[in-house]
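Peer 1: Only the shape, not the letters, is given here:
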């Protein structure tokens, strides 16, 4: 089932170049993964340290395989150096339980 992943991060000020480079590295690796559909990175205009990455996967299984991969963990560890607090993850699937009961 189509899955949307929301990844929220708050970064330190003054590290935009390093952060964007790492996020681009993450995306370039992500694109190579089986089940990846697309993604986008958003920044809050009033709080530019707050980033939201939204990615779409063919299934939760494909997402979780990527999330647990050594490649992703390595880039994620480099991003954490610039973060103020932990990364927040939310998983959503297309549709609702109501639609499945119909």
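Peer 2: Received it, and whenever you're ready, just let me know what you need. In this text the structure is predicted, and so the values were computed from the model without any measurement. Residues are numbered from 1 along each chain as shown.
Peer 1: Which other helices and strands does the host helix or strand of residue 4 contact?
Peer 2: Per DSSP states H and E, residue 4 falls inside strand 3-10. Judged by 3 or more Cβ pairs under 8 Å, 6 or more residues apart in numbering; DSSP states H and E, the packing partners of strand 3-10 are strand 50-57, helix 60-67, strand 88-93. C-betas here are computed from N, CA, C, even on glycine.
Peer 1: Whichever helix or strand comes after it vs strand 3-10, what angle?
Peer 2: Sequence-wise, the next helix or strand downstream of strand 3-10 (DSSP H and E) is helix 16-30. Between helix 16-30 and strand 3-10, the angle comes out at 160 degrees (axes from the mean of the first three to the mean of the last three Cα atoms, to 10 degrees).
Peer 1: List the buried residues of helix 16-30.
Peer 2: For helix 16-30, a neighbour-count test (16 or more other Cβ atoms under 10 Å) marks 19, 22-23, 26-27, 29-30 as buried.
Peer 1: and if you look at stretch 46-59?
Peer 2: Buried, per 16+ other Cβ under 10 Å, within stretch 46-59: 49, 51, 53, 55-57.
Peer 1: and the end-to-end length of it?
Peer 2: Stretch 46-59 has an end-to-end distance of 33 Å (Cα to Cα, to the nearest Å).
Peer 1: Not counting its own residues, what contacts that stretch?
Peer 2: With Cβ atoms under 8 Å, 6 or more residues apart in numbering as the contact definition, stretch 46-59 has outside contacts at 1-13, 16, 19, 23, 30, 35-44, 63, 66, 84.
Peer 1: Report the mean confidence score over it.
Peer 2: Throughout stretch 46-59, pLDDT has a mean value of 97.
Peer 1: and what of stretch 89-102?
Peer 2: The model assigns stretch 89-102 a mean pLDDT of 76.
Peer 1: ok, now stretch 26-37?
Peer 2: 97.
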